[in-house]
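Asks: Sequence first, predicted model second:
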Amino acid sequence: MTTLIAAIDDSAAALPVLEVAQRIAALLGVDVEALHVPEDGSGSTATAVAAAVGVPDDVKGEALWVFVVVAAGVEADDALRAELTKLVTDRLGSSFRPSAIRFTTALPKTRSAKVLRRAIRAVVTGDAPGDLSGLEDPGTLDAVAHAT
């Protein structure tokens, strides 16, 4: 099962960011709603889980960062980063190119397996993440913070 979770905190930009996240999900061969996606070769099979978050940017207003947990047996390296960036850019155009693709070992989830999207954004921006009492593994925040 492969998933992409889109973190959208700015209600004014919610629809465009969600549309971009859905397109990136399709390109990476993952699904935005955490449903099973058959491996049909239409996207990248290198990703197990990905989270796209909007990060404040002085030039664009908001930049797209993608956090990726790679599939078993896949090496997270600059070649994969370039491949994923090229995949998105080729299919969606250069205006949708992610500003950053970061590899991490895990994403923060609740005990019911929902990704805490606001926590990912908070780690990136340095803001307070809010209530984390439902966080299953606090170490996942460190994993996001140390994403390469």
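Replies: Perfect, I can see it now.

Asks: Show me where the chain has its strands.
Replies: 3-7, 47-57, 61-70, 100-103 (DSSP state E).

Asks: Specify the angle between the longest one and strand 61-70 in degrees.
Replies: It stands for strand 47-57. With axes from the mean of the first three to the mean of the last three Cα atoms, to 10 degrees applied, the angle from strand 47-57 to strand 61-70 works out at 160 degrees.

Asks: in its sheet, what does strand 47-57 sit against?
Replies: Sheet partners assigned to strand 47-57 using DSSP bridges are listed as strand 3-7 (parallel), strand 61-70 (antiparallel).

Asks: per-residue pLDDT, Asp127?
Replies: Predicted confidence (pLDDT) at Asp127: the value is 93.

Asks: tell me the pLDDT at the residue nearest to it when sequence neighbours are not counted?
Replies: If the residues on either side of it in the chain are set aside, Asp127 comes closest to Arg121, at 7.4 Å by Cβ to Cβ, 6 or more residues apart in numbering. Where you see a C-beta, it was placed from the backbone N, CA and C, and this is true even at glycine. Looking at Arg121, its pLDDT stands at 89.
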